[in-house]
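> need a 3D model of the following:
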Amino acid sequence: MLFSEVLGQEKIKEQLISMVQDNRLSHALLFHGKEGVGKKALALSFAQYIVCENKKENNACGECSACKKAQKLIHPDIHFVFPVIKDGSKKAISDTYISEWREGLLNNPYFTYSQWNSAIGDGKKASSIYVDESSEMIKKLNFKAFESDYKVMLIWLPEKMNTQTANKLLKTLEEPAEKTVLILVAENLDFMLSTILSRVQQIKIPPISDKYIKQYLNEHFLTSEDLIQFSTNYGKGNLPRSIEALNQSEENERYHEWFVQFMRLSYGNKMLDLIKLNDEIISHDKNELKNFLLYSIRYLRDNFMLNKEQDNLVFLVQNEKDFAERFSTFINENNIELMYSSINETMENINRNANVKIQMQVLAINMVRAFSMI
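The predicted structure follows:
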């Protein structure tokens, strides 16, 4: 991957390029930041730049043999370690899932941990970096470089290592192999050993600038400027989150219609009509109901912020804005806590397989109560 293919992050790119050009390449770097800001993409670009045979001033050449192999993720001196699922039928190491890894990165280098779990499993079982990986890591790092001056190992989400694997990594960091660069890509430093953190050069990756998120969405999606702006704001520098918001636009319109009806009927204390509306909502599958409840939580929060004149913290599309102009005056500190807690409790009970119809009727009763507290 070329630096020019990474969305934004210009200062970070300059910093990484200067490390190589000024011969200040650390043996271990840690890229850390929130999900979806391009850490993985930057690591891939940096690895390609390191092995490139004809480096340019601000990018790898993209044309030499090393670049062509790196772009296909098959360069013999670039190794990958990432979380995998242990299912008993396969060895729980990265090489077992290397085809899925390459396919995922080539399609979308910004994929998230949850998307990765869905790609290699059913999305219900979380992946980890198991102890079997440690011997594979040591073996690869002890190899001599085949084609490049350096060996590069990219470790995605090292916080997913179990303790035994993390201790093996620590030993590798304490006794680094010659001409070897480890690039760790993490999202949660709280789950990493402090001894590992002290032995790496940390580089914090900030959220992607809204300018680049908006540009990307305009180039890849044919939709309204209003929705592009909403998705950009909603993502807060997280590209996958912005894309998810854009893809859910049709569903959000339906959830908005349900929300408006639910709140109007609750305000009017029209229980029979609320029961009919609930029957319509729960006629869809359970995931649809959960998504509606999540939407309701987000939209209630935005209306409360509008009530408190915190417009800068609110991201709404036009139909949401139109309704919120009137509705937000009814959402205040007297009833927001009951509304929030009622929706959250409904979600928790549904997740525990409680009767959906009863839970939604209880929610309706609580919403009626909440509006009586204005």
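
> hey, where'd the strands end up in the stretch 1-150 of the chain?
Here the stretch 1-150 of the chain has its strands, by DSSP state E, counting those that start in this stretch, at 28-32, 78-81.

> ok, residues contacting stretch 271-290?
For stretch 271-290, contacts defined as Cβ atoms under 8 Å, 6 or more residues apart in numbering pick out 251, 258, 261-262, 265-266, 292, 347, 350-351, 356-357, 360-361, 364-365, 368. Just so you know, the C-beta spots here come from the backbone N, C-alpha and C atoms, and that holds for glycine as well.

> and that stretch, how far apart are its ends?
22 Å (Cα to Cα, to the nearest Å).

> again with stretch 272-292
End-to-end span of stretch 272-292 (Cα to Cα): 20 Å.

> just the mean pLDDT for it, thanks.
Taken as a whole, stretch 272-292 has a mean pLDDT of 91.

> okay, buried residues for it please.
If you call a residue buried by 16 or more other Cβ atoms under 10 Å, then stretch 272-292 has these buried ones: Asp273, Leu274, Leu277, Asn278, Ile281, Ile282, Glu288, Leu289, Asn291, Phe292.

> am I right that the first one is in a strand?
What that stands for is Asp273. No. Read with DSSP: H, G, I helix; E, B strand; the rest coil, Asp273 is helix and lies in no strand.

> what stretches of the stretch 101-250 of the chain score poorly on pLDDT?
Low-confidence segments of the stretch 101-250 of the chain (pLDDT under 70): 123.

> could you rerun that using 80?
122-124, 176, 222, 248-250 (pLDDT under 80).

> do a quick rundown of the helices in it.
113-120, 132-142, 163-174, 194-197, 210-220, 225-235, 239-247, 249-267 (DSSP state H, counting those that start in this stretch).

> so can I have JSON lines of those helices showing distance to Leu106 and mean neighbour count?
Shown next, in JSON lines, are the helices of the stretch 101-250 of the chain (distance: least, Cβ to Cβ, whole Å; neighbours: other Cβ atoms under 10 Å):
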{"stretch": "helix 113-120", "distance to Leu106": "12", "mean neighbour count": "16"}
{"stretch": "helix 132-142", "distance to Leu106": "21", "mean neighbour count": "16"}
{"stretch": "helix 163-174", "distance to Leu106": "27", "mean neighbour count": "16"}
{"stretch": "helix 194-197", "distance to Leu106": "29", "mean neighbour count": "14"}
{"stretch": "helix 210-220", "distance to Leu106": "16", "mean neighbour count": "16"}
{"stretch": "helix 225-235", "distance to Leu106": "23", "mean neighbour count": "19"}
{"stretch": "helix 239-247", "distance to Leu106": "16", "mean neighbour count": "19"}
{"stretch": "helix 249-267", "distance to Leu106": "27", "mean neighbour count": "17"}
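
> JSON lines for those helices, including distance to Leu338?
Below are the helices of the stretch 101-250 of the chain laid out as JSON lines (distance: least, Cβ to Cβ, whole Å):
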{"stretch": "helix 113-120", "distance to Leu338": "31"}
{"stretch": "helix 132-142", "distance to Leu338": "48"}
{"stretch": "helix 163-174", "distance to Leu338": "43"}
{"stretch": "helix 194-197", "distance to Leu338": "42"}
{"stretch": "helix 210-220", "distance to Leu338": "35"}
{"stretch": "helix 225-235", "distance to Leu338": "26"}
{"stretch": "helix 239-247", "distance to Leu338": "27"}
{"stretch": "helix 249-267", "distance to Leu338": "12"}
